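Q: dropping a prediction and its sequence here:
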Amino acid sequence: MGASFSTQTSVYFKKIARIAMREKAWKFIVFAGIIAFIVAAVVGGDMFSTYDDTKSGFFTIASACIWIGIFNSIQSVCKEHEIIRSEYRQGMKISSYIIANVLWQAVLSLIQSVLTFVILCIFVDFNSDGIILSAYVEYFTTIYLLIFCSAVLGLMVSSVSGNPTTAMTIMPFVLILQLIMSGVLFELEGFAEGLAVITFSKWGMSAFGSIANLNSDSYSLAISEAFPNVVRLEEEECFNHEASNLLLAWGSCALIAAVCVVVSIVSIKLKNKDS
Amino acid sequence: MYDDKTCFINENAGNGAALLVFDATRRPVSYKLSRHMTLGRRKPDSVCNITVVSAITGSQQGEFIYNDFDDSYYYCDNDSKNGTYVNGRLVRGRNHPVKLSDGDIIRIDHKILSKPHDQAVLIIFSKSIDFNSSWNQCMLSPGSVISIGRDSTNNIVINDITASRRHATISNSDNGILLYDNNSQNGTSVNGYDINKVQMIYDHDVILIGRTVFVVIGNMLFYNDKKENKGSLIVNIDKKTVGVNRKVLIRDIRFEAEYGDFVLILGSSGAGKTTLINAILGDGKADGKVILDGKNLYDNFKTMKSQLGIVPQFLTLRLNDTVKNTLMDVADVKMDKRQYSKADKQKMIDEILEKVGVSGLKNHLIRQLSGGQKKKVSVATQLVGFQKVFICDEPDSGLDPASRIQQMEILKEVSQNNKIVMVISHGPNDAINTQTGETLFTKVLVIAKSSKDNAGHLAFFGPVNNALSFFGVQSLQDIVLKINPKHEGGQGLADLYIDKYNSLNRRV
C-alpha cells in the first residue's frame, strides 16, 4: 500500500513547482506580461467606445488568454510519458499526478492573470457596473478562468499526445478552433454552433460581453459614425447583462476544464494499462 | 542421444534450509536440513533424524530429500497411516514427493486443520529463518490485546523496516483469537495469504509480519527474531492461454529464483518469454501460481503489485531535480507516511545511496551527473521501497556494446541488493564482469517452443554452468541456436531438451 491520494498530490505538486523554478518558469510569466502589454496597447484606446471595437477588444483579450494558458502546459505531460510509466509501476497514482499538474497550472495562471489584468488596466478603463460583484473582480475572474482552463486544455492535449512534437502539431489546430468558435470572426450556425459550446472562446466572449453589457444602446456601431441612423437589428442573447449569463459562462468554462482533467487521467491510464 | 550424467552436483546443497518443528510438547525446535533427513515418532529405538513427540506420527512418517538438479528439497510421505498435509493438502505415499518452497507448512494432523489434534505436529520449511535465531513467546490470555509493530510502544516490537510502525493487533476475545491489520504498508499474511483487515486465527496458524514469523500454538504465540532477507519467487504455471480458442502460449513453467539471483531468460522468438514476464508481473495472469516470499501474488495482487518492478529500458529521471529530492519523492509515494516517518525514509535513502556509490552526489542535479552516475541513481530509485523482483524485457536493445555491459552491471548490482532480477536478452554474452570475464548471470531460464503443442515449455532452469553442460555449449548465446527451429538457423532440438529437462527434473 503506497501513499494516499492527497500525499501523492502534495509530493508531485512540490516536485512540479520545484522543477518549474529550475526550468525558469518565470519565462511564462514574463511572456504573459509581454502579450498583455501588446494587446492592451493595441486595443486599449478603442475599448468601450463602439460595439465593434469593444467586441474586437474582448476577442483579442480572450484569444491572448487562451494562447497563454495552452502554451503554459502543452509540453508538460507529453515529455514525461516514460517517467510516468516507470513511476506508475512504482505506485504513483495517475490522478494525483494530473491533479498536481492542474494545481500548479492554477498557481501559474493566477500569477499570469494578475499581471495581465494589471497591464490591461493601465490602458483600459474597466470601471463600470458589475453584474454580481464589481466589474474589476468579474473581468479578472474571467481572465483567470480563461487562462487556467486553457492551461487545463493544454494539459489534456499533452496527456493525449505521445510526444512533444505531436503536442506542438496539435496545438495550432486547437487554437484555431478556439478562435473560430468564438463567434466573433464568423457567424456560427448548425453544427458549428453546437461545437462552439465546448470552446472557452465562446464562453469567454459571453462573460466579457455580459459584464460590459454589450447589448446596451450605449455602444454605437462603428458604421454609425458615417450613418447615424443605422442600428443593430439583433441583440446577442449571451451578452445580456444578467447574472445567469455570467454564471453560465464561468460554469461552462469550469465544466469543460473538469472534463479535460478526466480525459487526461483516463488517457494516461489507457497508455499505461499494461504496466 | 544426449548425455544426462553428473553435471548438477551442488557442493552447497541445501545451504540454509531449515525446519521449525512444533510437536505435542508445544515447544519450537529447529533442525538444519542436510541432503537427506527422515522424520518419525520419538521412541527409544527410533532411527529417524528428526523425531517428534506425537502419537499420531508414524515411526517413519516421511523424508526430506535434496535434489541436486533443481537445487530443491522434496518431502516424501512414507505411506504413513495418517498422511501428511503440505500447505493444507493431504499427501500420502512415496510416489508423490512434494517440492518444498520457503515458508511451506507441513502438518501431521487429522482432517479438520482448524481444530488441530492435541498430538498434531506443525513443521515450517524455510530457507530464510535464521537457524540460530532465538524464539520468543507471549501468552494469548483471554481478553488480552497485543500490538505488534516497529514503534517502541507496541507490546511486541519488530526492529524491521518492512514492518509498519503500528502494524497489527492480536486480540483474544470471547469470539476467539482475532488478528487485525492496521493498514500496514506491506500487509499481514496468515498461512501464506494476505488478510483483509481482520481474520480469525486458529491453533497452528502461521502469521508473517514484516520478516518475523509468528506461530500460534494453543494460547501461546511464538515468534522468532527477524528472518534473514532470503526469500524466493516461485513460478508454478500450468498454462497461459489467449483468445476465444484458448490457444496455449506457455505450459508447465515451474522454477524458483532466490534473492540475489540474476536470471537470464532465453528462448527462440515466439516461445513465450514476454508472456511469461507478463504472467509473473500479474499483467496477464496464467493458470497457476506465482508465489513471492510464500505469498500467492495472484491472490494478493493489490498489496503485492508494488513488490514487482520493471526496470525501464531508458533513464526515467527528471534532469532538473536533485538526487536527494528524486529519491525522497519516490519514498514519499511508495511509503505510507502514517507508517514511515521522514527519518525512516531518509535513513533508507542514505543506505541506498551508499550501496550504489553515489552518496556524495545527493545534492547534485541529475543533469549534472555523468551517464553512469545517472544510471546508478536510476537503480537507486528502484531500490527505494519494498520491491523484491525486477523484470527487464531486453534492457540492452539498441545500446552499443559498452553501454550494454554497463546496463547489465547495474542490473547485477540491483540483484546483489537481495533482489531477484530477471532479464530477457538477445546478447547475453555481453553481460560479463569486465575484470574477470565471467558471466554476470547466476541462473538461466530457457523457454523452447514444443512442436507437440506449439506452446512454450521450460527447457532449463538452473545455474549458468549447469546450463552450458546441459546444452553442451560454450556460451549462453549458443543455447538459443540449439533450440531454435531449423528454418530460423537453429538446430531444432527444442523437443529434445524439453523432454531431457523434464526427465531430469522428475527424478528425485
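A: Received the coordinates, thanks. Numbering: from 1, shown residues only, chains lettered A, B, ... in the order given.
Q: who in chain B is up against chain A?
A: Taking Cβ under 8 Å from any Cβ of the partner chain as the measure of proximity, chain B contacts chain A at B:183-187, B:278, B:283, B:303, B:306, B:309-310, B:312, B:314, B:316-318, B:320-321, B:325, B:329-330, B:332-337, B:365, B:381-382, B:385, B:387. (Each C-beta comes from the backbone N, C-alpha and C, glycine too.)
Q: one more time with 7 Å
A: B:183, B:185, B:283, B:303, B:306, B:309-310, B:312, B:314, B:316, B:318, B:320-321, B:325, B:329-330, B:332-337, B:385 (Cβ under 7 Å from any Cβ of the partner chain).
Q: so, low pLDDT: which residues of the stretch 51-200 of chain A?
A: A:183-186, A:188 (pLDDT under 70).
Q: taking it, what residue is nearest to chain B?
A: Going by Cβ to the nearest Cβ, chain B is nearest to residue A:86 of the stretch 51-200 of chain A, at 3.9 Å.
Q: helices of the stretch 151-275 of chain A, start to end?
A: Per DSSP state H, counting those that start in this stretch, the stretch 151-275 of chain A carries helices over the ranges A:164-180, A:190-196, A:200-212, A:243-271.
Q: and those as a markdown table, adding distance to residue B:215?
A: A markdown table is the format used below for these (distance: least, Cβ to Cβ, whole Å):
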| stretch | distance to residue B:215 |
| --- | --- |
| helix A:164-180 | 57 |
| helix A:190-196 | 68 |
| helix A:200-212 | 64 |
| helix A:243-271 | 42 |
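Q: which of the ones you listed sits most buried?
A: Of the helices of the stretch 151-275 of chain A, the one with the most neighbours on average (mean count of other Cβ atoms under 10 Å in any protein chain shown) is helix A:200-212, at a mean of 27.
Q: show me what that one is packed against.
A: helix A:51-73, helix A:135-160, helix A:164-180, helix A:243-271 (3 or more Cβ pairs under 7 Å, 6 or more residues apart in numbering or on different chains; DSSP states H and E).
Q: ok so, going back, so what's the residue of the stretch 51-200 of chain A closest to chain B closest to, chain neighbours aside?
A: Nearest-residue entry for residue A:86: residue B:316, 3.9 Å, with adjacent residues in sequence omitted and distances by Cβ to Cβ, 6 or more residues apart in numbering or on different chains.
Q: I'd say the one you found and residue A:80 touch.
A: No. In terms of Cβ atoms under 7 Å, residue B:316 does not count as a neighbour of residue A:80; the distance is 8.7 Å.
Q: hey, which helix or strand in chain B has the poorest pLDDT?
A: Across the helices and strands of chain B, mean pLDDT, DSSP states H and E gives its lowest value to helix B:301-304, namely a mean of 74.
Q: just the CA atoms of that helix, as CSV, please.
A: Taking only C-alpha atoms (Å, rounded to 0.1, in the frame of the first residue of the first chain), the coordinates of helix B:301-304 have been written out as CSV:
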residue,chain,number,x,y,z
PHE,B,301,-2.2,-8.8,-6.2
LYS,B,302,-3.3,-5.4,-4.8
THR,B,303,-0.9,-5.4,-2.0
MET,B,304,1.9,-7.3,-3.7
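Q: how far off centre is that helix?
A: Relative to its chain's centre, helix B:301-304 lies at 15 Å (Cα atoms, centre = their mean, to the nearest Å).
Q: next: stretch B:19-27.
A: For stretch B:19-27 - counting by Cα atoms, centre = their mean - the centre lies 25 Å from the chain centre.
Q: for it, list every residue counted as buried.
A: B:19-24, B:26 (16 or more other Cβ atoms under 10 Å in any protein chain shown).
Q: show me these that map onto strands.
A: B:19-22 (DSSP state E).
Q: looking at those residues, which one is closest to chain A?
A: Distance to chain A, by Cβ to the nearest Cβ, is smallest for residue B:20 among those, at 28.9 Å.
Q: so what's that closest one closest to, chain neighbours aside?
A: In this structure, residue B:20 finds its nearest non-sequential neighbour in residue B:124, 4.4 Å apart by Cβ to Cβ, 6+ apart.
Q: quick check: phi and psi at that neighbour.
A: phi -110, psi 120 (degrees, to the nearest 10).
Q: quick one, what contacts it?
A: Taking Cβ atoms under 7 Å, 6 or more residues apart in numbering or on different chains as the criterion, residue B:124 is in contact with B:19-20, B:105, B:206.
Q: if you set the cut-off to 8 Å instead, what comes out?
A: Shown here is residue B:124, whose contacts under the criterion Cβ atoms under 8 Å, 6 or more residues apart in numbering or on different chains are B:19-20, B:103-106, B:206, B:213, B:215.
Q: got it, and residue A:39?
A: The contact partners of residue A:39, taken as Cβ under 8 Å, 6+ apart, are A:60-61, A:64, A:120.
Q: just the closest of those to residue B:290, please.
A: Closest approach to residue B:290 among these (Cβ to Cβ): residue A:64, at 56.1 Å.
Q: wait, that closest one sits on residue A:35?
A: Yes. With contact defined as Cβ atoms under 8 Å, residue A:64 reaches residue A:35; the gap is 5.1 Å.
Q: give me the common contacts of these two.
A: With contacts defined as Cβ under 8 Å, 6+ apart, the residues shared by residue A:64 and residue A:35 are residue A:116.
Q: quick one on the thing from earlier: hmm, who's touching the least confident helix or strand of chain B?
A: A:1, B:186-187, B:194, B:282, B:292, B:295, B:297.
Q: which other helices and strands contact the following helix or strand past that helix?
A: Past helix B:301-304, further along toward the C-terminus, the next helix or strand under DSSP states H and E is strand B:308-310. Using 3 or more Cβ pairs under 8 Å, 6 or more residues apart in numbering or on different chains; DSSP states H and E as the contact criterion, the elements in contact with strand B:308-310 are helix A:81-89, helix B:273-281, strand B:389-393.
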